[in-house]
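> need a structure here:
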Amino acid sequence: MKKQKKLTQAQKDLMRGLKIFRVDEECIIVIMLMTQKAFQTEMMIDYMISHEKATQEELLSKAMEISKLKGKSH
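Numbers count the residues shown, from 1 in each chain. As a prediction, this is how the structure comes out:
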């Protein structure tokens, strides 16, 4: 049986934030998978803080953009 990874505090915060933004569960899963690296999670949270009225589609689009980044070069 494969060992499950626990979520970091930042990932838990991102998940909570996505729920506050009324993102549906399926989209939350996709966004979480696309922003697994710590810097990606932080970038997504930063985006949400500065875009308080972002729609689910905008959040998903930003997550896709962030997922393509290889390092901290944002």
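> tell me the SS of the nearest residue to Gln56 once chain neighbours are set aside?
Spatial nearest neighbour of Gln56, excluding adjacent residues (Cβ to Cβ, 6 or more residues apart in numbering): Val23 at 4.9 Å. C-beta coordinates here come from the backbone N, C-alpha and C atoms, glycine included. Three-state call for Val23 (DSSP: H, G, I helix; E, B strand; the rest coil): coil.
> What is the neighbour count of Val23?
21 (other Cβ atoms under 10 Å).
> for Met44, what are its contacts?
Counting by Cβ atoms under 8 Å, 6 or more residues apart in numbering, Met44 touches Leu14, Ile31, Thr35, Leu59, Lys62, Ala63, Ile66.
> Verify the stated contact: the fourth one with Gly17.
Same thing as Leu59. No - contact criterion Cβ atoms under 8 Å: Leu59 and Gly17 do not qualify, at 9.3 Å.
> what residues are shared contacts of the two?
Common neighbours of Leu59 and Gly17 (Cβ under 8 Å, 6+ apart) are Met48.
> Looking at these two, which is more packed in?
Between Leu59 and Gly17, Leu59 has the larger neighbour count (other Cβ under 10 Å), namely 21 against 16.
> what about that one, which helix or strand?
Per DSSP states H and E, Leu59 falls inside helix 56-67.
> Need the residues that contact that helix.
18, 21-24, 27, 30-31, 34-35, 40, 43-44, 47-48, 51, 54, 74.
> again with stretch 19-36
11, 14-15, 18, 40-41, 43-44, 48, 54, 56, 59-60, 63-64, 66-67.
> buried set for that stretch?
Within stretch 19-36, the residues that count as buried by 16 or more other Cβ atoms under 10 Å are Phe21, Val23, Cys27, Ile28, Val30, Ile31, Met32, Met34, Thr35.
> Looking at those, spot the one nearest Lys5.
Met32 (11.5 Å; Cβ to Cβ).
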